[in-house]
Structures are given as C-alpha cells and as structure tokens.
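1. Okay, here's the prediction I keep looking at, along with the sequence it came from:
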Amino acid sequence: MAQRRSVEFFDTQFQRQVRDGDFALNPFEKLALAFVHGQVLEFGCGLGNLALEAARRGCTVTAVDAAPSGIEHLQAQAAAEGLPVRALVADFESWHIDRNYDTIVAIGLLMFFPRKTALAMLEEIQAHVLPGGIAAVNVLTEGTTFLGMFEPDHHCLFAVDELRRAFANWEILVHRGDSFPAPGGTLKVFSTVIARKPAPGGTKP
Ligand SMILES: C[S@@+](CC[C@H](N)C(=O)[O-])C[C@H]1O[C@@H](n2cnc3c(N)ncnc32)[C@H](O)[C@@H]1O
C-alpha cells in the first residue's frame, strides 16, 4: 500500500522517537486520559502513548494508525507489559470502525483528510460511541499557518467553533482552543472537544 506523505512524515518522526526513547504524552493525550474508560478505540494512535496509558489504567484498547513504526512500537510495548491492546496498521481511507466503544479518541487526525472525508469520519466516530460514552476529538483549525505536513489537496482546517457545533446534541465536558508556535514563525491552532453521548430518551443537562 502506497503511504500518504503525511503518514510518511509521522512514520519517520515515530522512528526517531523510538530511537530516542521519547514517549511523553502530549497535552491533548493528558487531557483526554482523564475521561477514557471501558472499551476504548484510539483512532489515529500514532506511537500509542495514550493507548498504553489507558490500558495501564484498566481499559481494553483497540488502536489503529497507518504509520507502521508507531504500531510496531505499541504492539511490542503492550506485549512486554501484558496489556490488553489490539493494535492495527490501517489506512482510514478504507478502514472503518467495526463496533461500538465506551470511548473513542481521535487526537490530531481529522485534518489529514479532505473536508468531506473528515466530516464523514467525525460522524462515524459519533455513531460508534455507546450511549453515555465519551468522544475526545482534537483538530487543527483556521488560523494554523504550519502546513508542511499536509498534502495540498488532501487536508482541511476546521472552523474555530466547528467541532463544538458538531457535538451540539452531546454533553460537552471540555471545549478549548490552544495555539502553539511552530517552525519558521508559523502557528498551530487546535480545537479540542470531549463530550458525552446522550443516553436514549435522556435530555442534555
Ligand atoms: C498528528 S499525529 C497524531 C498521533 C497521536 N494521536 C498523537 O496525539 O500523538 C496524526 C496521525 O494520523 C495518522 N494518519 C494520517 N493519515 C492517516 C490515514 N490516512 N490513515 C490512518 N492514519 C493516518 C498519522 O500516521 C499520525 O499517526
């Protein structure tokens, strides 16, 4: 399978991180970890730092990403620690969520797809969270000027408030924006939503 440029970018980064022993959780993974529970899907797990930590805290985790070096590391580490992690290499252009989960996490993933695909993936995430379960989603938004890891016609930046609006019928537990400086004086602007899916017949608090 030919890899997309964005996946090659991350696969190279993960190889370097494994070599350097750099497995620190990023701020969004730390934030999401407080809400993950039960059967967890990490959609676009990268190196699997969140997946491993969730499993250490008692979750059963399925973790999927197209970058082989991240998945190889995750499989090896989960086996070494005897953790309940199923880790798969798959491309989300063709792989779809196969069952429902208590928690679905997608950090830094959806902007690597054309808008129509990204919105369909967001709907797919929402559809596969069990009632009362959690979705934790983080994307880059308009205002981001660091574009080096994107393919010109194969990415999208979300509108600043778009993620929150997409979860309008859910109980929003966290909604925040973050900006970070990036190489060459550029900027990364993120939106994060962590939300609970309403139970059938329940009302939004
Ligand atoms: C910014 S990284 C985020 C990784 C991890 N969630 C984190 O927070 O560190 C984006 C991830 O999306 C994955 N990705 C990008 N395009 C993909 C595709 N078409 N199919 C599967 N994974 C993809 C990359 O391999 C990479 O691991």
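-> Structure received.
2. can we go C-alpha only for contacts and neighbour counts from here?
-> Fine.
3. Can you give me the buried ones in the worst-scoring helix or strand of the chain on mean pLDDT?
-> One helix or strand of the chain scores below all others by mean pLDDT, DSSP states H and E: helix 5-20, with a mean of 96. Neighbour counts over helix 5-20 (16 or more other C-alpha atoms under 10 Å) mark 6-8, 10-11, 13-15, 17 as buried.
4. With distance to residue 174 as added columns, please give these in TSV.
-> Shown next, in TSV, are the buried residues of helix 5-20 (distance: C-alpha to C-alpha, whole Å):
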residue	distance to residue 174
6	28
7	28
8	31
10	27
11	30
13	29
14	28
15	32
17	29
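5. of all those, which two lie farthest apart?
-> 6 and 17 (16.6 Å; C-alpha to C-alpha).
6. picking that back up, just the buried residues of helix 5-20 now: which is nearest residue 112?
-> The closest of the buried residues of helix 5-20, once distances to residue 112 are taken by C-alpha to C-alpha, is residue 6, at 7.3 Å.
7. List the contacts of that closest one.
-> Residue 6 makes contact with 112, 149-151 under the criterion C-alpha atoms under 8 Å, 6 or more residues apart in numbering.
8. out of those, who's nearest residue 58?
-> The closest of the contacts of residue 6, once distances to residue 58 are taken by C-alpha to C-alpha, is residue 112, at 30.3 Å.
9. pLDDT wise, what is the closest one at?
-> What the model reports as pLDDT for residue 112 is 97.
10. can you count the residues close to it?
-> Using other C-alpha atoms under 10 Å, the number of residues around residue 112 comes to 21.
11. ends of stretch 138-147, how far apart?
-> 17 Å (C-alpha to C-alpha, to the nearest Å).
12. how about the strands in this protein?
-> Taking DSSP state E as the test, the strands found in the chain are 39-43, 60-65, 85-89, 101-107, 129-140, 171-182, 186-196.
13. from what I can see residue 56 touches residue 83, true?
-> Yes. Assessed by C-alpha atoms under 8 Å, residue 56 is found in contact with residue 83 at 6.8 Å.
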